[in-house]
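Peer 1: Need coordinates for the below:
(one chain, ligands or ions: 1)
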Amino acid sequence: MTEKKPGFFQRLFGTQPAPTPAPPKTRPETPVEPAPQSPPTPAPEPVPEPAPVTLPEPKPADHPMPPGPPETTPDYIEAIEDQFVAPPPAVPEPAQPRQGWFARLASGLKRSSDNLSTSITSVFTKRKLDAATLDELEDVLIQADLGIDTAMAITETLRRDRFDKDVSGEDVRNVLATEVEKVLGPVARPLVIDTTKKPFIILMIGVNGSGKTTTIGKLAQKFAREGRSVMLAAGDTFRAAAIEQLQVWGQRTGAPVIARPAGADASGLAFDAVTQAKAEGRDVLIIDTAGRLQNRDELMNELEKVIRVIKKVDPEAPHATLLTLDATTGQNAMKQVEIFGKRAGVTGLVMTKLDGTARGGILVAIAKTFGLPVHFIGVGEGVEDLEPFEASDFARAIAGFDPSR
Ligand SMILES: Nc1nc2c(ncn2[C@@H]2O[C@H](COP(=O)(O)OP(=O)(O)OP(=O)(O)O)[C@@H](O)[C@H]2O)c(=O)[nH]1
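Peer 2: Residues are numbered from 1 along each chain as shown. The predicted structure follows:
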């Protein structure tokens, strides 16, 4: 059970630290050296040299630079090489207190909880609980994507306990929180890093833009804070921007990033990354993959190939295959779980962008239907906006209650 700390209200309603923004999807900016000042007169003084830039010692063994396809621009290669030669040291960020997370969870789920609360309140104004009201409530819950089973469980509980009595919106939200927690409790399982695996290999999969790369960055940060040595593999070789985005996260967290120029073979890169992480005795290797729609057969074949190739180096790997689900995709997320599960053997879920939707209830329907572990949820783009999934916190927040109590 999560420890409830004092001072939450102050954090919830007062100021809270601005979350660290996610790195941009554009190429990271190369520091611009100051232009030498022109001398005021045409005197023959030498133009002052710009201050030398001190870089950490290069670690070439960490960062091999495999050849890229000929179409790669020199510009791009240079940018990538810069990352390899001079990885900046990790800047450890202070651990954030958990109360901060409750505030982010509540505000992230606000659209979902407001939507539910408003609908529930409108159903339960001046009414005794009768069959028509229960039907209306069931519709509201189904429209909120909670799934038919959970919607029925909630209305059944109310029918049994409160039929023909006055029922307030708050009573209903209490039942909602209890039923949602019942569904989510069994799937709220932490991602356990098995330390006997060196490295523990995590494969991150999902449709385009579902938040894989961002989630990898957030996870790398968490693992680095836990004192683990992390390596990242930029397996989304389709998009140069995705490689660069991962490299920014690598810089931020001090994790070396195995990358090849855009267009390179993703399974070859995965093979090299696993081999290298093994040779270096890394604790965790997180492999990014290109986003793919679950109905694109050839892309799903490619994903299967990546997995086969990883297994050549370590037959038990990947030790975790995490599917990132964008909550805003609503019902389509159900299909994604089904197909990625069949093709790639999903071991756990990360639901992102719960802050960008009023349909956070979809997580409940997914939990009920598939029973897959939900390890983390994301409620924003910042590095602090991803946390291990806790059933009661989520259930309370989605029902519009303070999750810290
Ligand atoms: N609001 C919000 N945005 C998020 C969250 N997680 C990720 N994002 C944003 O979603 C966008 C896509 O995230 P990426 O991490 O690039 O997604 P991806 O799955 O790697 O994308 P592809 O490389 O196209 O497959 C970025 O702008 C992220 O900042 C979240 O929890 N909340």
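Peer 1: Enumerate every residue touching whichever residue of the stretch 151-300 of the chain sits closest to the ligand.
Peer 2: Of all residues in the stretch 151-300 of the chain, Gly291 sits closest to the ligand, at 2.3 Å by C-beta to the nearest ligand atom. Every C-beta, even on glycine, is put in place using the N, C-alpha and C of the backbone. Residues counted as contacts of Gly291 (C-beta atoms under 8 Å, 6 or more residues apart in numbering) are 206-210, 212, 236.
Peer 1: Check which helix or strand it maps to.
Peer 2: Counting by DSSP states H and E, no helix or strand carries Gly291.
Peer 1: I'd like the numbering to begin with 547 instead of 1 from here.
Peer 2: Got it, the first residue is 547 from now on, which makes the last one we talked about Gly837.
Peer 1: What does the pLDDT read for it?
Peer 2: We have a pLDDT of 85 for Gly837.
Peer 1: Phi first, then psi, for it.
Peer 2: When quoted as degrees, to the nearest 10, the phi and psi of Gly837 stand at phi -70, psi 140.
Peer 1: ok, back up a step: take the contacts of Gly837 and keep only those in helices.
Peer 2: Lys758 (DSSP state H).
Peer 1: where does the chain have low pLDDT?
Peer 2: The chain contains residues with pLDDT under 70 at 547-645, 672-673.
Peer 1: distance between whatever helix or strand Gln791 lives in and the chain's centre?
Peer 2: Per DSSP H and E: Gln791 is located in helix 786-799. Relative to the centre of its chain, helix 786-799 is centred 15 Å away, using C-alpha atoms, centre = their mean, to the nearest Å.
Peer 1: One more: stretch 784-794?
Peer 2: The answer for stretch 784-794 is 16 Å, by C-alpha atoms, centre = their mean.
Peer 1: buried residues in stretch 750-762?
Peer 2: 750-753, 755-762 (16 or more other C-beta atoms under 10 Å).
Peer 1: Sorry, slip of the keys, the one I care about is stretch 908-920.
Peer 2: 908-914, 916, 918-920.
Peer 1: re the thing from before, near the ligand, which of the contacts of Gly837 show up?
Peer 2: Residues of the contacts of Gly837 in contact with the ligand (C-beta under 6 Å from any ligand atom): 752, 754-756, 758, 782.
Peer 1: Going along the chain, name the helices of the chain.
Peer 2: Going by DSSP H, the chain shows helices at 554-559, 620-631, 644-654, 656-669, 677-689, 694-708, 715-730, 758-771, 786-799, 812-825, 843-859, 878-890, 908-916, 937-944.
Peer 1: looking at these, which is closest to Thr870?
Peer 2: Minimum separation from Thr870 across those (C-beta to C-beta) falls at helix 758-771, 5.0 Å.
Peer 1: Quick check: residues of the stretch 797-946 of the chain near the ligand?
Peer 2: Counting by C-beta under 6 Å from any ligand atom, the stretch 797-946 of the chain sits next to the ligand at 837, 898-899, 901-902, 924-927, 931.
Peer 1: likewise the stretch 647-796 of the chain?
Peer 2: Counting by C-beta under 6 Å from any ligand atom, the residues of the stretch 647-796 of the chain that sit close to the ligand are 752, 754-760, 782, 785, 788.
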